[in-house]
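S.K.: Sequence isn't available, so here's the structure alone:
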């Protein structure tokens with residue numbers, strides 16, 4: 001009986017650490033509902049995620065085609081880039097939400113520093129920020145990172161890589177499809 005309580009308590013702690021209530025679904029580079037559809041394993045690429053190619057038009061109208069991991073369900077957004085240290089040749093991760101959101105991101109159990117950019121449903125750039133890993137054992141102690149207004153998509157990349165992808169003020173997410181060859 002004692003073992004059952006320990007397992008139940010561990011499950012509650014994991015869920016509490018990975019989620020941030022009041023529908024500011026927090027993300028480690030994700031947001032948590034507690035599903036097993038996507039899992040990130042320390043030191044390897046994201047597991048259980050598909051990829052998507054996106055075209056970004058920078059402020060000078062030059063286009064950049066990149067391949068990203070796709071987090072398009074709450075289970076996948078909840079896991080995001082937790083514990084990941086190798087993007088497996090992809091540029092980062094695209095978090096797609098079904099509706100406009102103000103969900104905050106956090107870096108609980110995310111080991112690499114990341115930059116995040118937010119885009120509206122029509123692809124317009126909203127804002128971006130750099131995010132530092134959170135070393136706390138309690139996700140509730142981690143800093144929250146927000147867009148300056150509602151957004152539909154967020155792209156996370158290794159810290160400092162947004163410029164190389166053409167992402168910044170005046171940029172737009174203009175197309176989606178298969179990853180470039």
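M.R.: Yes, it's here. Owing to the predicted nature of the structure, the values given are computational and were not obtained by experimental measurement.
S.K.: Quick check: end-to-end length of stretch 117-132?
M.R.: End-to-end distance for stretch 117-132, by Cα to Cα, to the nearest Å: 14 Å.
S.K.: list the buried ones in it?
M.R.: Within stretch 117-132, the residues that qualify as buried are 117, 118, 119, 120, 123, 125, 126, 128, 131, counting by 16 or more other Cβ atoms under 10 Å. No exception for glycine: its C-beta is placed from N, CA and C like everyone else's.
S.K.: and the residues you listed, which of them are in strands?
M.R.: Counting by DSSP state E, the buried residues of stretch 117-132 place 117, 118, 119, 125, 126, 128, 131 in strands.
S.K.: looking at it, the second one is touching residue 145, isn't it?
M.R.: No. Taking Cβ atoms under 8 Å as the definition, residue 118 is not a contact partner of residue 145, at 9.7 Å.
S.K.: Pull up the gap between residue 101 and residue 107, please.
M.R.: Between residue 101 and residue 107 the computed distance is 18 Å (Cβ to Cβ, to the nearest Å).
S.K.: With neighbour numbers in mind, choose between the two.
M.R.: Taking other Cβ atoms under 10 Å, residue 101 and residue 107 do not tie; residue 107 has more neighbours (29 against 20).
S.K.: Find the nearest non-adjacent residue to the more buried one, please.
M.R.: residue 134 (4.5 Å; Cβ to Cβ, 6 or more residues apart in numbering).
S.K.: Distance-wise, check the nearest residue to residue 145 once chain neighbours are set aside relative to residue 179.
M.R.: In space, not counting the residues next to it along the chain, residue 145 is nearest to residue 105; the distance is 4.7 Å by Cβ to Cβ, 6+ apart. Noted for residue 105: a distance of 23 Å to residue 179, by Cβ to Cβ.
S.K.: higher neighbour count, these two?
M.R.: Neighbours per residue (other Cβ under 10 Å) separate residue 105 from residue 179, with residue 105 holding more: 31 against 16.
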